[in-house]
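In: what's the 3D shape of this:
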Amino acid sequence: MRKLIVSTWMTLDGVFDAESMGQWFNPYDSQARQDLIREGILSADAILFGRKTYEMLAPYWSSLKNNEMGIAAKLNSVQKYVVSTTLKEASWENSTIIRENIEEEIARLKQQPGNEIQVEGSGELVQSLTKAGLVDEYQLLVHPVIMGGGKRFFANGIQAGLQLTGTRRLDKGVLLLCYQPA
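Out: This is a model prediction of the structure:
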């Protein structure tokens with residue numbers, strides 16, 4: 001059985017808005033952070049996306065052909081699932097759209113043999129997966145900045161008890177916090 005791992009980057013106050021990453025993500029770059037992100041992606045044998053994250057990442061990564069950043073080849077070759085009722089086509093290599101019976105389909109994917117299934121970003125999808133009890137672990141890469149506004153990863157109304165299972169301090173005050181449902 002595969003674990004479903006939520007992997008996201010955010011600010012201390014939970015902002016994960018891609019449009020403001022220049023303010024909260026880029027200034028905290030380090031080799032340790034790059035290595036951690038690369039290791040996480042390389043350890044997955046499937047990636048699950050919401051439509052918005054998929055549409056943001058697919059054009060960029062699918063255009064890279066020389067294993068840029070040590071992960072382009074993996075991102076292009078790994079099995080990808082995008083949850084969407086509106087996406088017409090998923091042209092990024094090895095992509096499958098999940099349109100119906102989403103909870104059942106993801107539970108079925110978890111039952112298959114293999115390594116972990118990662119959810120990258122995809123806040124709205126994570127809300128649904130959390131409510132359905134399908135998330136096995138949250139890996140939150142927290143950056144030491146408070147934005148005070150922006151798109152938050154955990155929306156109002158979501159509740160989940162979590163148990164801290166691991167921490168790692170990276171350069172520039174960035175923390176990896178690992179949680180499992182309590």
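In: burial count for residue 150?
Out: In terms of burial, residue 150 registers 17 neighbours under the definition other CB atoms under 10 Å. Every residue, glycine included, has its C-beta placed from N, CA and C.
In: Over to it: give its phi and psi.
Out: Here is the backbone geometry of residue 150 (degrees, to the nearest 10): phi 130, psi 180.
In: can you check residue 65 too?
Out: phi -120, psi 0.
In: Now for the nearest residue to it once chain neighbours are set aside: which residues touch it?
Out: Sequence neighbours aside, residue 72 is the residue nearest to residue 65 in space, at 7.5 Å (criterion: CB to CB, 6 or more residues apart in numbering). Applying CB atoms under 8 Å, 6 or more residues apart in numbering, we find residue 72 in contact with 61, 64-66.
In: Pick out whichever of those residues sits closest to residue 152.
Out: The closest of these to residue 152 turns out to be residue 61 (CB to CB; 25.1 Å).
In: Now the residue of the chain most remote from its centre: closest residue in space that isn't a chain neighbour?
Out: For the chain, the residue at maximal distance from the C-alpha centroid (CA atoms, centre = their mean) is residue 66, at 22.9 Å. Nearest residue to residue 66 in three dimensions, chain neighbours excluded: residue 72, at 7.1 Å (CB to CB, 6+ apart).
In: Please work out how many residues are found near the nearest residue to residue 100 once chain neighbours are set aside.
Out: The spatially closest residue to residue 100, leaving aside those adjacent along the chain, is residue 85, at 7.9 Å (CB to CB, 6+ apart). Burial of residue 85, expressed as a neighbour count using other CB under 10 Å, amounts to 10.
In: Which helix or strand contains residue 85?
Out: Using DSSP states H and E, residue 85 sits within no helix or strand.
In: And it, what's its pLDDT?
Out: Here the pLDDT value assigned to residue 85 is 94.
In: just checking, it touches residue 99?
Out: Yes: using CB atoms under 8 Å as the test, residue 85 is close enough to residue 99 to be in contact (5.5 Å).
In: Highest neighbour count among the contacts of residue 72?
Out: Looking at these with neighbours defined as other CB under 10 Å, the largest count falls to residue 61 at 19 neighbours.
In: And the next helix or strand past the host helix or strand of residue 41?
Out: Per DSSP H and E, residue 41 falls inside helix 31-43. Proceeding C-terminally, helix 31-43 gives way to strand 46-50 as the next helix or strand, assigned by DSSP H and E.
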